[in-house]
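Q: sequence? don't have it. structure:
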Ligand code: MLT
Ligand code: MN
Ligand code: ZN
């Protein structure tokens, strides 16, 4: 299976348009060793020809322009993007769907909760019915059903599994402050022929038994790299929000993401959805060196992984 990182930043991207913090200003001026990043999304393919998007970033147009694998290959109109799977209904993960409106009907895989949020609070699905149209493939994750296996025609040899995980529904969701099963999923993609397995969760607030067991079985783990510390946005005077309040597990500390990642057998351990306040963006930072020493990579736009 091939994985293409289209965007590796959290909401706002890096640098964020209105942010003058040391990290954003430093990458703008070139005084910092750091790469700009667009808002997160990855593409997965079994054969390198037909691709499935995992989330659709508001930066999708630019991401496609920079990714030759996703360019049209036959005249007059064509796209190698054959399906989209959504992990949640957050703006930074879904609004790229609007940029697909000139194409064929969107084969969309998401939970009923996410479908509802994108039909009401942020009604992009009804809007798209006036353009390309959307064919919804419900992922039956909700209530007592915490996991669902499914397949996607564009990658017939791969097995997909959605796993309900703790994070946050978006502010326009009726469940923002009372989470329900199906607001957020992780995606497990298995290749039974090669034995390779991807675990993808760009928003993950807590690692419970189910999450840990799925992460332990994966050969590539690509997870929430939003914040290094719980209060880093408050400390930098950027926003009065903790990582926890936004549904993200910080990387540092004894219960942090790094400790768990370091314990996993996976061949590739990759942080994605990096917020512009996170010191790991600075390639010369102590935090980045710590990741290196522990075998943890930081996703960047254009990164390719072959499993
Ligand atoms: C988040 O995951 O908390 C987001 O990146 C917020 C946003 O959409 O800006
Ligand atoms: Mn986000
Ligand atoms: Zn910033």
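A: Nice, I can see it. Owing to the predicted nature of the structure, the values given are computational and were not obtained by experimental measurement. Ligands and ions are numbered 1, 2, ... in the order given.

Q: Break down the chain into its strands, ranges please.
A: Secondary structure of the chain (DSSP state E): strands at 2-7, 41-45, 51-54, 81-85, 106-110, 134-138, 147-150, 159-164, 185-191, 196-201, 220-224, 268-272, 297-298, 304-306.

Q: who wins for proximity to ligand 1 among these?
A: Closest approach to ligand 1 among those (Cβ to the nearest ligand atom): strand 220-224, 8.5 Å. Heads up, the C-betas are built off the backbone N, CA and C, glycines and all.

Q: Report the distance from the closest one to the chain centre.
A: In terms of Cα atoms, centre = their mean, to the nearest Å, the centre of strand 220-224 is found 9 Å from the chain centre.

Q: and the gap between the nearest residue to residue 234 once chain neighbours are set aside and residue 172?
A: Counting by Cβ to Cβ, 6 or more residues apart in numbering, residue 240 is the residue found nearest to residue 234 once chain neighbours are left out, at 6.1 Å. In this view, residue 240 and residue 172 are 20 Å apart by Cβ to Cβ, to the nearest Å.

Q: Which residue of these two possesses the greater neighbour count?
A: A count of neighbours by other Cβ atoms under 10 Å puts residue 172 above the other of residue 240 and residue 172, at 15 against 9.

Q: For that one, which residues are in contact?
A: Counting by Cβ atoms under 8 Å, 6 or more residues apart in numbering, residue 172 touches 117, 121, 122.

Q: Apply 10 Å and report the result again.
A: If a contact means Cβ atoms under 10 Å, 6 or more residues apart in numbering, then residue 172 has 89, 90, 91, 117, 118, 120, 121, 122, 123 as its contacts.

Q: any idea of the pLDDT on the residue most central in space within the chain?
A: For the chain, the residue nearest the mean C-alpha position is residue 202 (3.9 Å; Cα atoms, centre = their mean). Note for residue 202: predicted pLDDT of 98.

Q: Report the contact partners of residue 204.
A: Per Cβ under 10 Å, 6+ apart, neighbours of residue 204: 87, 165-167, 184, 186, 211, 215, 223-226, 247-249, 257, 260, 273.

Q: Any chance of a ChimeraX selection covering the buried ones in these?
A: Selection of buried members from those for ChimeraX, criterion 16 or more other Cβ atoms under 10 Å:
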select :87,165,166,167,184,186,211,215,223,224,225,226,247,248,249,257,260,273
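
Q: quick one: residue 217 from residue 199, how far?
A: From residue 217 over to residue 199 the distance is 8 Å, taken as Cβ to Cβ.

Q: Those two: which has the busier surroundings?
A: residue 199 (26 against 15).

Q: if we can go back for a sec, which residue packs closest to the residue nearest to the centre of the chain, ignoring adjacent ones?
A: For residue 202, ignoring the flanking residues on the chain, the nearest one in space by Cβ to Cβ, 6+ apart is residue 273 at 3.9 Å.

Q: if I pick that neighbour, what's in contact with it?
A: Counting by Cβ under 10 Å, 6+ apart, residue 273 has contacts 7-11, 37, 39-41, 55, 87, 90, 92-93, 201-204, 222-227, 248, 299.

Q: go on, residue 181?
A: If you count contacts by Cβ under 10 Å, 6+ apart, then residue 181 has 111, 113, 141-147, 164-166, 175 around it.

Q: For the stretch 1-150 of the chain, which residues are neighbours of ligand 3?
A: Contact residues, the stretch 1-150 of the chain versus ligand 3 (Cβ under 5 Å from the ion): 19, 21, 24.

Q: The closest residue to the last one other than its chain neighbours: neighbour count?
A: Leaving out its chain neighbours, the residue that sits closest to residue 24 by Cβ to Cβ, 6+ apart is residue 15, at 3.6 Å. The burial count assigned to residue 15 is 23, neighbours taken as other Cβ under 10 Å.
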